[in-house]
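# 3D model of this:
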Amino acid sequence: MCIIVHKPRGAVFPAKGRLALYWLQNPDGAGFWVRRGSRYEAQKGFLNFKVFWSAIEAADIKRDEEAALHFRKKTAGRKNKGACHPFPLAQSPGRILKQDYSCRRIVMHNGTIKQYEGDRSFSDTQIFVMGVLYHARHVIYKRSIRERIAEIAGGSRLLISIDGETYRIGRWFKERGTGAWFSKKIVY
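Purely as a prediction, here's the structure:
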C-alpha cells in the first residue's frame with residue numbers, strides 16, 4: 001500500500017535516503033504538491049526515483065511552505081503516470097489524469113476503497129475523487145462530513161487540502177524529528 005508524507009509549515013521532509021526507501025517499498029510511481037499562496041502546485045507521474053528527487057529539488061520547497069509527497073504501490077487501477085497521486089479535486093477525467101498542474105483543491109490517498117475497486121480505466125481513488133469528494137468539496141470543512149468520508153473510505157488515510165486548509169483523515173503518525181506526518185508507520 002502507498003505512503004503519504006505530509007510536511008506542514010515549519011516541518012521538514014525526511015532525508016533523501018529515507019525517501020528512496022519509501023520508493024523501493026512503493027515502486028509504482030510518485031508525485032507531490034507544494035502550497036504556494038492560495039494554490040497547490042502539483043507534479044506527478046514519476047516512475048523513476050532519480051527523476052522524482054530532481055523534481056523535488058527543483059521545486060525548492062522551503063521550510064515555511066506546506067507540501068506533501070505520495071509514493072504509490074498499485075492496488076487498483078492501472079500502473080501509469082496519470083494514476084499517480086496527487087489528484088485535483090475535480091470531476092473531469094482529463095483533469096484527474098494531468099501530471100503537472102496548479103489548483104485550489106487537492107487529494108492524496110493511502111489504502112483501498114473497496115466499493116470503488118474494479119474499474120479497469122480508473123483507480124479506486126480516482127473514482128472516489130470524481131464521484132464523492134468532488135461533490136463534498138464545499139462542505140469538507142464540516143467535521144461530520146469528514147467523519148462520513150472516513151466511514152466510506154474504511155481504514156484508508158486521506159490528505160485533502162482545500163483553499164489553504166489541510167485535513168488528514170484516518171490514522172496518521174507524526175514524526176518528532178522532522179515534524180512531518182505519515183499515513184502509515186514505517187518499519188526499517
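# Tell me the helix or strand right after the helix or strand bottoming out on mean pLDDT in the chain.
Across the helices and strands of the chain, mean confidence by mean pLDDT, DSSP states H and E is lowest for helix 124-128: a mean of 89. Per DSSP states H and E, the first helix or strand lying C-terminal to helix 124-128 is helix 134-136.
# Mind giving me the packing neighbours of whichever helix or strand comes after that following helix?
Remark: after helix 134-136, the chain's next helix or strand is helix 143-153, criterion DSSP H and E. When contacts are defined as 3 or more Cβ pairs under 8 Å, 6 or more residues apart in numbering; DSSP states H and E, helix 143-153 sits against strand 157-162, strand 165-169. Quick note: C-beta positions are derived from backbone N, CA and C, even for glycine.
# Show me how far the last one is from its chain's centre.
Taking the mean of its C-alpha atoms, strand 165-169 sits 11 Å from the chain's own mean (Cα atoms, centre = their mean, to the nearest Å).
# Strand 157-162 and that strand, what's the angle between them?
Interaxial angle, strand 165-169 versus strand 157-162 (axes from the mean of the first three to the mean of the last three Cα atoms, to 10 degrees): 160 degrees.
# export strand 165-169 as PDB, just CAs?
In PDB, the C-alpha atoms belonging to strand 165-169 read as follows (Å, rounded to 0.1, in the frame of the first residue of the first chain):
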ATOM      1  CA  GLU A 165      -6.800  24.200   4.900                       C
ATOM      2  CA  THR A 166      -5.500  20.600   5.100                       C
ATOM      3  CA  TYR A 167      -7.400  17.700   6.600                       C
ATOM      4  CA  ARG A 168      -5.800  14.400   7.500                       C
ATOM      5  CA  ILE A 169      -8.500  11.700   7.500                       C
END
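# in this structure, which spans are strands?
For the chain, applying DSSP state E gives strands covering 3-7, 30-36, 39-46, 67-71, 87-88, 100-103, 105-110, 157-162, 165-169, 173-174, 181-182.
# Bridged to the residue nearest in space to the middle of the chain, which residues?
Centroid-nearest residue in the chain: residue 108, 2.3 Å away (criterion: Cα atoms, centre = their mean). Using DSSP bridges, the bridge partners assigned to residue 108 are residue 159.
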